[in-house]
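Chemist: Test case, fold it:
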Amino acid sequence: MTKKLSLILSVLILSTAMLSAKGQVAEDAYENGDSLKNPGIYAKIDTIKGQMIFQLDYNNAPLTVMNFIKLSEEGFYEGLQFYRDIENYAIFSGDPKNDGSSDAGYNYPMEVNLSLTHDNKGILTMDAVSGMSNGSRFFITKTADPVLNEKYTAFGELVEGNKALASIKREMIINSIEIIRTGSDALAFDSSESEFTRLSSKALSSQLDTFRVEHPEEAAAVEMMGEGVQKTITGIYYNITSTGNGVRPEEGDTVSVHYVGMLVDGTVFDNSVTRGVPFEFSVGTKSVITGWDETVMAMTVGEKRNVLIPPSLAYGNNQAGPIPPGSWLLFEIEFLGIK
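Modeler: Residues are numbered from 1 along each chain as shown. Down below sits the predicted model:
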């Protein structure tokens, strides 16, 4: 009887321990900013629920860390919401519209970084999954998920603030993000605009090497665009040759543009300039190819840009007049105005 009672008590104690551990917030390795005494670059994110301190992996994800430092020090993140909260999985922020539809207005190549993995909670990660879609949006994991490792760029790890991380919910605000450098290596890390541009160009060149093997003619067209080529999340290559006045169209607006449309071998298939009549259409309403809607919605009045649109955002495998099936399309577009 005594042995049986002892066994029951042991089971009850074990069950109680397991229940209390479930959902328990992990203990911080450091307290009161003590982590900042160690060499490294840190991001201290202040919220209504307290502070979270992340050590940034500037050795393995330098481009991503440079961008995060720049935006943080410019105050870009101040006042932004955590616009998405997947319970017990991750929280998302970095979108000026606070709905997951916008970013800082530019992108840069992803870095493949296997140094930091999503095998633990508290991993600071860019919210981007294509070859060149990093911008300003990021997420912080609340649980481990190794599936994320080869899809996203992890660039920081939580060293203080587990309780704050567990408490943050959707619509809570980022008060500020402070970047702190400790040690000679961290202080020497070059996060200047010129270094960011250099590394970004190097990373894009690496992507173009792969693109050149798979699509040699299209890659040649990209190179002919000149300096400042970027790539959208959807796969459109573009560069801005003349900036506009900052006014973007809204979905449904009637816009006026001039354009020259070419195949990648330089064959012109349409030209509104030689006709002398601007092209007008209702933007964002699928009255033109998807690549055009996406491009013009991102332009401002007066802007000129070159764009190379993949078949999936053009006519796919269909013949369209002089345009053969499966064609990438090259356009020179000038955004004249909004009616």
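Chemist: So what sits opposite the residue positioned nearest the centre of the chain in the bridge?
Modeler: With distances taken as CA atoms, centre = their mean, Asn134 lies nearest the centre of the chain, 2.8 Å away. Each beta-bridge partner of Asn134 is listed here: Tyr108, as defined by DSSP bridges.
Chemist: ok, it - contacts?
Modeler: Under the criterion of CB atoms under 8 Å, 6 or more residues apart in numbering, the contact partners of Asn134 comprise 63-64, 67, 107-110, 126, 128, 153. The way it works is simple: take the backbone N, C-alpha and C, and place the C-beta from them, glycine included.
Chemist: ok, now which ones touch Arg170?
Modeler: If a contact means CB under 8 Å, 6+ apart, then Arg170 has 81-85, 91 as its contacts.
Chemist: scratch that, Glu217
Modeler: So, once contact is read as CB under 8 Å, 6+ apart, Glu217 ends up touching 264-265, 328.
Chemist: Closest to Ser102 out of the residues you listed?
Modeler: Trp328 (26.8 Å; CB to CB).
Chemist: Ser136 and Val112, how far apart?
Modeler: Spatial separation of Ser136 from Val112 under the definition CB to CB, to the nearest Å is 20 Å.
Chemist: Quick one: the helices in the protein, in order.
Modeler: Per DSSP state H, the chain carries helices over the ranges 2-21, 62-73, 162-167, 184-188, 193-214, 216-225, 272-275, 290-298.
Chemist: closest one to Pro96 among the ones you listed?
Modeler: With CB to CB as the measure, helix 62-73 is the member of the helices of the chain nearest Pro96 (10.8 Å).
Chemist: Counting by contacts, list what the closest one packs against.
Modeler: Packing contacts for helix 62-73, counted by 3 or more CB pairs under 8 Å, 6 or more residues apart in numbering; DSSP states H and E, involve strand 40-47, strand 50-56, strand 154-160, strand 174-182, helix 193-214.
Chemist: export those to JSON lines and tack on mean neighbour count, mean pLDDT and distance to Lys97?
Modeler: JSON lines is the format used below for the helices and strands packed on helix 62-73 (neighbours: other CB atoms under 10 Å; pLDDT from 0 to 100; distance: least, CB to CB, whole Å):
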{"stretch": "strand 40-47", "mean neighbour count": "21", "mean pLDDT": "98", "distance to Lys97": "19"}
{"stretch": "strand 50-56", "mean neighbour count": "22", "mean pLDDT": "97", "distance to Lys97": "23"}
{"stretch": "strand 154-160", "mean neighbour count": "24", "mean pLDDT": "96", "distance to Lys97": "23"}
{"stretch": "strand 174-182", "mean neighbour count": "17", "mean pLDDT": "98", "distance to Lys97": "15"}
{"stretch": "helix 193-214", "mean neighbour count": "14", "mean pLDDT": "86", "distance to Lys97": "24"}
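Chemist: Just tell me which of those ends up closest to Gly284.
Modeler: helix 193-214 (27.9 Å).
Chemist: From the structure, what's the count of residues near Lys142?
Modeler: Neighbour count of Lys142, defined by other CB atoms under 10 Å: 20.
Chemist: okay, Glu227: pLDDT?
Modeler: As predicted, Glu227 sits at a pLDDT of 83.
Chemist: shouldn't it be in contact with Ile240?
Modeler: No - taking CB atoms under 8 Å as the definition, Glu227 is not a contact partner of Ile240, at 10.3 Å.
Chemist: In terms of neighbours, single out the busier of those two.
Modeler: A count of neighbours by other CB under 10 Å puts Ile240 above the other of Glu227 and Ile240, at 16 against 8.
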